[in-house]
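Peer 1: quick one: sequence plus predicted model below, questions after.
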Amino acid sequence: MTDPVASLMDPEFTHDPNRAYARLREQAPLVRIGTPGAPPVWLVTRCADVRSMLSDPEIVVDHTNVPGNEGTSLMDQLLGALDLPDDFRAEFRTYARNMMFVDGDEHARLRKLILPAFAVKRIKALRPAIEEMSARLLDALAAKGGGDLIEEYSSPLTGTVICELIGFDRADHPRVRKLMRSYADGDIHFSGREMVECTKELIARRRAEPADDLISTLVRTRDETGDRLSEDEMVAMVLLLIMNGHHSTSFFIPASVVALFRNPDQLALLRAEPELMPDAIEELLRVANPVPVTSPRYATRDMELSGCPVRRGETLTGSFFAANFDPRAFPDPERLDLRRERRRGEGHVSFGAGPHYCTGAALAKLETDVALRHLLLDRDTLEIAVPLDELEYTDATLGVHMLAGLPVWL
């Protein structure tokens, strides 16, 4: 692979992501991008190609499954660029080996053991508790006339839901939520190590005193062969939930509010026809997903993807943003359309595709459903306190497009 032709660290991917990703997407189906502390990788830019890459068994998430592999994974290279103690770097690799980063039989094993904790019936049963949490947070926000919707609503909401789902005692929630936020924001040394210790303590408690929570389910779950998760695998699952189950949804909810305020006709439509909420959430997942790219993949042989040659061992990642705005898949892609026709297997790729499709998709949709109903349907007093074009976003990191805050009046 030659020198990169683009960097997702460039400010254009924060300031005008539509135009930046459209330029890459129309330039080529695969574009070389630079990553900090690692060699360039292939960015897959078009929706059908991202779906194909995520579903191809010859494109793997574990670089050790590449025949003749002699290098290190992209994650290891990025981790190596961080200023971390050697002992913690080794410990972190253990817990980073979650089901997002394993393939084949090992992935199938972990997913099978974890799925009971995310059964549809179990997730649906969380609605009353999520509604109670949401109402309490909004009452506190309304009592003071407004505030930051992320800091004072979506982050504590999704953080508390994850704490309850995992099984942390309520007295521990403030401490755990603080660690969650620090860990998700990149403080993987101190907060990561503390989260590991908290989780191990909880596992020990639930072995002795089972409850109706995820850790208890994981502790007692066995398959027909008697297989069960190890303690390290349970810790890895909790850390994965913090990153993918809390952090991303806490930013997706406010991003969805902004998207609807930018499209007042669609907000009016949703208020007039609240039964459109499931379709609205799917369309918002397409246009307002804050997660920039897929986890890295590795080609197990020389191949072509959409006519572009990829060599064995080369790294690929898919751009959710570029794929979800691909006009080949979505007519008039920059338009928010709550009535957009969706055919099975042809919608957005925000939850991935193939064997690694997001296990927590149902939970994210449920949290968003409750939040949008409480914020926008049950009341009509919510206002964004600054002009929409003055909202600030975090600095671009691998193309991330997250609100730095969302001041509102309520």
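Peer 2: Alright, I've got the coordinates.
Peer 1: give me the contact list for the helix ranked longest in the chain.
Peer 2: In the chain, taking DSSP state H as the definition, the longest helix is helix 190-208. By C-beta atoms under 8 Å, 6 or more residues apart in numbering, the residues outside helix 190-208 that reach it are 88, 91-92, 95, 166-168, 172, 175-176, 179-180, 182-183, 213, 215-216, 219, 231, 234-235, 238-239, 242. In this view, the C-beta of every residue, glycine as well, is placed from N, C-alpha and C.
Peer 1: in helices, which of those residues appear?
Peer 2: 88, 91-92, 95, 166, 175-176, 179-180, 182-183, 215-216, 219, 231, 234-235, 238-239.
Peer 1: can you tell me the SS state at L316?
Peer 2: Following DSSP: H, G, I helix; E, B strand; the rest coil, we place L316 in the strand state.
Peer 1: roughly how far apart are it and H63?
Peer 2: Distance of L316 to H63, given as C-beta to C-beta, to the nearest Å: 12 Å.
Peer 1: compare the two (neighbour count), which wins?
Peer 2: Comparing L316 with H63 by other C-beta atoms under 10 Å, the one with more neighbours is L316, at 23 against 20.
Peer 1: what segments of this structure are strands?
Peer 2: Ranges of strands within the chain are 6-7, 30-35, 38-44, 59-60, 146-148, 297-299, 303-305, 308-310, 315-318, 383-384, 407-409, based on DSSP state E.
Peer 1: re the thing from before, list the residues that contact both of L316 and H63?
Peer 2: With C-beta under 8 Å, 6+ apart as the test, L316 and H63 both reach Y298.
Peer 1: so, low pLDDT: which residues of this structure?
Peer 2: The chain contains residues with pLDDT under 70 at 1-4, 36-38, 74-84, 184-186, 222-225, 395-400.
Peer 1: what's around A6, how many residues?
Peer 2: A6: 19 neighbours (other C-beta under 10 Å).
Peer 1: which residues are in contact with the residue nearest to it when sequence neighbours are not counted?
Peer 2: Using C-beta to C-beta, 6 or more residues apart in numbering and skipping the chain neighbours, the partner closest in space to A6 is I33 (5.0 Å). Applying C-beta under 8 Å, 6+ apart to I33 gives the contacts P4, V5, A6, S7, L8, P40, V41, W42, L43.
Peer 1: same question, A171
Peer 2: Applying C-beta under 8 Å, 6+ apart, no residues qualify as near A171.
Peer 1: distance check, it against E275.
Peer 2: For A171, the distance to E275 - C-beta to C-beta - is 40 Å.
Peer 1: over to N244?
Peer 2: Per C-beta to C-beta, N244 is found 29 Å from E275.
Peer 1: who has more neighbours out of these two?
Peer 2: N244 (20 against 8).
Peer 1: would you confirm that the more buried one contacts G360?
Peer 2: Yes: at 6.3 Å, N244 and G360 qualify as touching, with contact defined as C-beta atoms under 8 Å.
Peer 1: P407 pairs with what?
Peer 2: D148 (DSSP bridges).
Peer 1: my guess is it contacts I150. True?
Peer 2: No: contact status for P407 versus I150: not in contact, 9.6 Å apart, counting by C-beta under 8 Å.
Peer 1: quick one, which of the two is more surrounded?
Peer 2: Legend: neighbour count by other C-beta under 10 Å for P407 and I150, higher for I150 (21 against 15).
Peer 1: contact partners for that one?
Peer 2: Contacts of I150 by C-beta under 8 Å, 6+ apart are S250, F251, P254, L403, G405, L406.
Peer 1: burial check on L24, number of neighbours?
Peer 2: Neighbour tally, L24, other C-beta under 10 Å: 23.
Peer 1: isn't it up against S7?
Peer 2: No: L24 is beyond contact range of S7, at 11.0 Å (criterion: C-beta under 8 Å).
Peer 1: nearest spatial neighbour of P355, chain-adjacent residues omitted?
Peer 2: In space, P355 is closest to H107, 6.2 Å off (C-beta to C-beta, 6+ apart).
Peer 1: could you do R127 as well?
Peer 2: L366 (6.3 Å).
Peer 1: circling back to that earlier point, quick one: buried ones out of the contacts of helix 190-208?
Peer 2: 88, 91-92, 95, 166-168, 176, 179-180, 182-183, 213, 215-216, 219, 234-235, 238-239, 242 (16 or more other C-beta atoms under 10 Å).
Peer 1: sorry, back to before: nearest to E392, of the strands of the chain?
Peer 2: strand 407-409 (10.1 Å; C-beta to C-beta).
Peer 1: helices and strands around that closest one, which ones?
Peer 2: Applying 3 or more C-beta pairs under 8 Å, 6 or more residues apart in numbering; DSSP states H and E, we find strand 407-409 packed against strand 146-148, strand 383-384.
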